[in-house]
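Peer 1: build the 3D model from these lines:
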Amino acid sequence: MATFVDSKAIFQLLLLPCLLLYSSIAYNYSSVEATVHTNNWAVLVCTSRFWFNYRHMANTLSLYRTVKRLGIPDERIILMLADDMACNTRNKYPAQVFNNENHRLNLYGDNVEVDYRGYEVTVENFLRVLTGRHENAVPRSKRLLSDEGSHILLYMTGHGGDEFLKFQDSEELQSHDLADAVKQMKEKHRFKELLIMVDTCQAATLFNQLQSPGVLAIGSSMKGENSYSHHLDSDVGVSVVDRFTYYTLAFFERLNIYDNASLSSLFSSYNPSLLMSNAYYRRDLYQRHLEEVPVTNFFGSVMETIHTDAAYKALSRMKSDRFDARISLDQSVIHDHEERRTLINVNDREEIHSINTEGQDGASKCPWTAFCSKMQKIENTDTLVNYGLVAMLPFLAFSTWFFH
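Peer 2: Next up, the predicted model:
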C-alpha cells in the first residue's frame, strides 16, 4: 500500500508541472499575438451632397491624398464620397477638385479610387463597412478586411449636431449607432486600435456613447459649437476646405513617411483662435500615452524599424556573420533610400540563411529539439491548444486505468 501511495503522489507531482507549463505556453502565445500591430487601414467618409458642400468632398480627398503619401496603399483605403463635385455642371474646372484658391493641387487626379459614390453612401452601407456584414455580391475592394492587428483611421466630415451626423441630407448616424458598430468591431477582432476623426458641428458629441477599449477620438468642435470653413474660392464660388481639416493638412504637409511626430503634437497643434472652435479629443478608452504614439501609426504605413546603438554596428555584425555587404558612410548619406533597401536585403538573406541551416542540420537534431522548433512556428493559438489537449488524453486514460 505504501508503494502504491508513493507512486500516486509521484505521478501527481509530475503531472502538475506539465499542466502549468502547457498553460504558460498557451498564454504567452495568445498574449504575443494580441499585441502585434501588423497593418493600417483608413475609412474616409464625405456624407454631404449638393454643390454648396464642395468643401466636404475636398476635405475627404485631402485626407485621402495625405494617407496615400504617407504609405497606406489604395487597397487598404475605403473612400466614400456622397457626391461627385468634379463632374458637377457648376464646376468651372471639370474633373478637378481643389482645396485652395491657388489651384495648384488637383485632388481629383488620375489615382483616385472611389469605393462608394453618390447614393451608395448611406448609414446602412457605412455600418456594414465597419462591421463587415456585407452581402455576398459586395467585392473585396469595398470591404474593410482588417484584423486584430490593424490600426484604423476613421475620418468623417459633413453636417452634424448634438450626437448625430447627417448622411445625404436625408438620414442621420446617431452616436449610439457609431458606438454599437465599434463595439461589434472590437468583439469580432477587427481592430487593435481605432482613431476616429470628425470634422463637423458639435463633433465631440458623436463620441459620447463609445465604450470599447483601444479607441481614440478627436472632433473639430465641442457641444454647442460650429465647425467653420477656412476660405472662399471666388472662381469656384464656394468654400473649398474646412478650418479643422485645413490645419490638419498643414501639420502633415511638414512630415514625410519616416517622421516620428506624435499624436500629442498633432492634437496640440490645433489653435482655438484659428479654428474658431475648440478641438476635443477623448482618450479615456485609449491605453497608451499620446506622446509615445507616432502619427504614422494611423496615418501612414507599418514599417519594421531596426534599433541600433551606432549607425552601422548592426550592419557590420551581420556582415561578419552572414555575408559580405559593403557600404560606405558617404554613400549612405547621399543614397538614404539605397541604405534602407540594403537593410531589407540583409534581413531577407538572414532569413534564407536560417532556413538553409535548419534544413542542413535537421537530420542531426534530437526529437525533443525538433519538437520545440515546430512548437515555435505555431502561429495559431487554437492549434496549440488542440495539440495540448490531444497530448493529455493518453495521460488521463493511463491515470484512470492505473488508479481504478
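Peer 1: which parts of this structure are helices?
Peer 2: Counting by DSSP state H, the segments of the chain that form helices are 2-34, 54-69, 123-131, 175-187, 243-252, 263-268, 272-275, 296-299, 313-321, 329-334, 336-361, 367-376, 381-403.
Peer 1: what's in contact with the fourth one?
Peer 2: The list of residues contacting helix 175-187 from outside it, by C-beta atoms under 8 Å, 6 or more residues apart in numbering, reads 123, 127, 130-131, 163-164, 191, 194, 196, 205-215. Placement of C-beta: from N, CA and C, glycine included.
Peer 1: show me these that map onto strands.
Peer 2: The subset of those located in strands under the criterion DSSP state E comprises 164, 194, 196, 215.
Peer 1: dump these to a markdown table, plus pLDDT and distance to residue 71.
Peer 2: Supplementary listing: these in a markdown table, determined by pLDDT from 0 to 100; distance: C-beta to C-beta, whole Å:
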| residue | pLDDT | distance to residue 71 |
| --- | --- | --- |
| 164 | 97 | 33 |
| 194 | 98 | 19 |
| 196 | 98 | 21 |
| 215 | 98 | 23 |
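Peer 1: ranking the residues you listed by neighbours, who comes first?
Peer 2: Looking at the ones in strands among the contacts of helix 175-187 with neighbours defined as other C-beta atoms under 10 Å, the largest count falls to residue 194 at 28 neighbours.
Peer 1: partner residues bridging that residue?
Peer 2: The residues listed as beta-bridge partners of residue 194 by DSSP bridges are residue 152, residue 215.
Peer 1: could you do the one 5 residues further on as well?
Peer 2: With DSSP bridges applied, the residues forming beta bridges to residue 199 are residue 157.
Peer 1: got a list of what it touches?
Peer 2: Contacts of residue 199 were listed using C-beta under 8 Å, 6+ apart, and they are 59, 155, 156, 157, 219, 220, 227, 242, 244, 245.
Peer 1: distance check, it against residue 119.
Peer 2: Using C-beta to C-beta, to the nearest Å, one obtains 22 Å as the distance from residue 199 to residue 119.
Peer 1: got it, and residue 177?
Peer 2: When distances are taken as C-beta to C-beta, residue 177 and residue 119 turn out to be 19 Å apart.
Peer 1: among those two, which residue is more densely surrounded?
Peer 2: Each of residue 177 and residue 119 has its neighbours counted (other C-beta under 10 Å); residue 177 has more, 19 against 12.
Peer 1: tell me how far that one lies from residue 121.
Peer 2: 15 Å.
Peer 1: about what we covered before: next, format the contacts of residue 199 as a markdown table and append distance to residue 95.
Peer 2: Rendered in a markdown table, the data for the contacts of residue 199 read as follows (distance: C-beta to C-beta, whole Å):
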| residue | distance to residue 95 |
| --- | --- |
| 59 | 19 |
| 155 | 24 |
| 156 | 25 |
| 157 | 22 |
| 219 | 32 |
| 220 | 29 |
| 227 | 28 |
| 242 | 23 |
| 244 | 27 |
| 245 | 22 |
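Peer 1: between these, which sits nearest residue 82?
Peer 2: residue 157 (10.2 Å; C-beta to C-beta).
Peer 1: before we move on, back to that, which of the ones in strands among the contacts of helix 175-187 sit farthest apart?
Peer 2: Across these, the longest distance by C-beta to C-beta is 19.9 Å; it joins 164 and 194.
Peer 1: now do the buried residues in stretch 48-63.
Peer 2: Counting neighbours by 16 or more other C-beta atoms under 10 Å, one finds that the buried residues in stretch 48-63 are 48-49, 53-63.
Peer 1: same check, this time on stretch 103-122
Peer 2: By neighbour count, with 16+ other C-beta under 10 Å as the criterion, the buried positions of stretch 103-122 are 106, 107, 108, 112, 114, 115, 116, 121, 122.
Peer 1: as JSON lines, the residues you listed with pLDDT would be great.
Peer 2: Below are these laid out as JSON lines (pLDDT from 0 to 100):
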{"residue": "106", "pLDDT": "94"}
{"residue": "107", "pLDDT": "95"}
{"residue": "108", "pLDDT": "92"}
{"residue": "112", "pLDDT": "94"}
{"residue": "114", "pLDDT": "96"}
{"residue": "115", "pLDDT": "97"}
{"residue": "116", "pLDDT": "97"}
{"residue": "121", "pLDDT": "97"}
{"residue": "122", "pLDDT": "97"}
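Peer 1: closest to residue 99 among those residues?
Peer 2: Among the buried residues of stretch 103-122, residue 107 lies closest to residue 99 (C-beta to C-beta), at 6.1 Å.
Peer 1: what's the neighbour count on residue 259?
Peer 2: 13.
Peer 1: list the contacts for it?
Peer 2: Contacts for residue 259 were tallied using C-beta under 8 Å, 6+ apart; they are 294, 296.
Peer 1: could I get the pLDDT score of it?
Peer 2: What the model reports for residue 259 is a pLDDT of 87.
Peer 1: just residue 339 next, same as before
Peer 2: For residue 339, the pLDDT comes out at 44.
Peer 1: with the one 3 residues further on instead?
Peer 2: Each residue has a pLDDT score; the one for residue 342 is 43.
Peer 1: same question, residue 390
Peer 2: Reported pLDDT at residue 390 in the predicted model: 65.
Peer 1: for residue 146, what are phi and psi?
Peer 2: phi -80, psi 170 (degrees, to the nearest 10).
Peer 1: could you check how many residues crowd around it?
Peer 2: 24.
Peer 1: was I right about it contacting residue 190?
Peer 2: Yes: under the criterion of C-beta atoms under 8 Å, residue 146 lies in contact with residue 190, with a separation of 5.1 Å.
Peer 1: so residue 42 sits against residue 67, correct?
Peer 2: Yes: look at residue 42 against residue 67 with C-beta under 8 Å: they come within range, at 4.8 Å.
Peer 1: against residue 62, how distant is the residue nearest to residue 264 when sequence neighbours are not counted?
Peer 2: If you skip the residues right next to it in sequence, residue 264 has residue 290 as its closest partner in space, 3.9 Å away by C-beta to C-beta, 6 or more residues apart in numbering. Computed with C-beta to C-beta, the distance linking residue 290 and residue 62 is 23 Å.
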